[in-house]
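Here is a sequence with its predicted model. Questions after.
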Amino acid sequence: MPVIELKHPLVRHKIGLLREEGLSTKSFREITAELGRLLTYEATADFPLETVRVQCWSGPIDVPRLSGKKVTVVPILRAGLGMLDGVLDTIPNAKVSVVGIARNHATLQPEPYVDRLAGDLHARTAIVLDPMLATGGSMNSAIALLKSRGATDIRALVLVAAPEGIAALTAAHPDVRCWAAAVDSRLDGNGYIIPGLGDAGDRIFGTR
Ligand code: PRP
Ligand code: URA
């Protein structure tokens with residue numbers, strides 16, 4: 001089950017807002033960050049806890065504390081940056097590993113152009129951020145890079161996933177789970193998700 005579509009009413013409402021063509025850049029950015037928070041909440045639901053004893057005002061008590069691997073968040077440039085602040089609101093101690101990948105407009109193939117990753121990836125949960133899982137090429141390329149540098153616990157957060165991208169991710173990386181705010185119908189002839197959001201990078205950065 002590599003792709004898990006969130007059904008929560010808040011998530012469905014917010015994705016619906018993003019689909020409006022006339023939405024301002026400011027609002028698109030804010031809602032993208034909010035969805036980043038909600039996706040993170042779901043994707044971390046199985047993080048392990050341990051019990052530690054603390055001194056409470058009423059005396060010593062046992063409290064739960066996160067005990068698993070530390071986290072690195074991996075935004076795929078550019079558009080993944082739009083989700084980053086929301087994710088870091090939820091996991092403020094995470095390291096940030098940046099991966100730059102541009103999708104070639106003619107071939108739709110991913111073209112990596114930069115990476116700056118945390119060094120101890122084998123000891124971290126890597127959470128990859130990209131609003132759009134279209135053909136899946138960019139996500140698969142980022143995940144392959146993370147694996148080549150030692151990451152073993154990899155999760156992905158996307159706003160919208162296309163069936164084509166889900167199939168590609170499942171085939172290449174069946175061990176990676178992906179949480180999506182929406183699963184849409186298909187890709188058009190230019191590799192854009194239908195109904196989708198349009199060009200997520202342009203909408204987050206206000207370009208074009
Ligand atoms: C977009 C999007 C994803 C990718 C998805 O990035 O942000 O990274 O396309 O498509 P795929 O699943 O077919 O690879 P783009 O290359 O347009 O760059 P940008 O984020 O800089 O706008
Ligand atoms: N990249 C986007 O930004 N949007 C799509 O629909 C597909 C790829």
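Nice, I can see it. Numbering: from 1, shown residues only. Ligands and ions are numbered 1, 2, ... in the order given.

Report the separation between I194 and L187.
Using C-beta to C-beta, to the nearest Å, we find I194 at a distance of 7 Å from L187. Where you see a C-beta, it was placed from the backbone N, CA and C, and this is true even at glycine.

higher neighbour count, the two?
Shown here are I194 and L187; by other C-beta atoms under 10 Å, L187 has more neighbours (18 against 10).

Would you mind confirming that the more buried one is in contact with A168?
No. Using C-beta atoms under 8 Å, L187 is not in contact with A168; the gap is 11.0 Å.

tell me which residues in stretch 83-92 are buried?
Residues of stretch 83-92 classed as buried: 83-84, 86-88, 90-91 (neighbour count, 16 or more other C-beta atoms under 10 Å).

whoops, stretch 21-28 was the one
Buried residues in stretch 21-28 (16+ other C-beta under 10 Å): 23, 28.

can you check stretch 196-205 too?
Residues of stretch 196-205 classed as buried: 196-198, 200-201, 203-205 (neighbour count, 16+ other C-beta under 10 Å).

mind showing which ranges of this protein have poor pLDDT?
1 (pLDDT under 70).

before we move on, which element is the closest residue to ligand 1 within it in?
Proximity of the chain to ligand 1 (C-beta to the nearest ligand atom) peaks at G201, 2.2 Å away. Assigned by DSSP states H and E, G201 falls within helix 200-205.

try P112
Going by DSSP H and E, P112 is in strand 110-116.

partners of that strand, with directions?
Strand pairing for strand 110-116, determined by DSSP bridges: strand 98-103 (antiparallel).

about what we covered before: okay, and the common contacts of L187 and A168?
Common contacts of L187 and A168, defined by C-beta atoms under 8 Å, 6 or more residues apart in numbering, comprise T135.

so does the helix holding G201 get close to ligand 2?
Yes. Counting by C-beta under 6 Å from any ligand atom, ligand 2 is contacted by helix 200-205 at 200-201.

Other residues contacting that helix?
With C-beta under 8 Å, 6+ apart as the criterion, helix 200-205 contacts 23, 25, 28-29, 32, 78-79, 81-82, 131-132, 159, 197, 207-208.

Can you name the residues of this structure that neighbour ligand 2?
Checking the chain against ligand 2 by C-beta under 6 Å from any ligand atom, the hits are 132, 134, 191-193, 196, 199-201.

swap the cut-off to 8 Å and go again
79, 103, 131-132, 134-135, 160, 162, 187, 191-194, 196-203 (C-beta under 8 Å from any ligand atom).

wait, R177 sits on D153?
No. With contact defined as C-beta under 8 Å, R177 does not reach D153; the gap is 9.9 Å.

quick one, helices of this structure?
9-18, 25-43, 81-90, 137-148, 163-172, 200-205 (DSSP state H).
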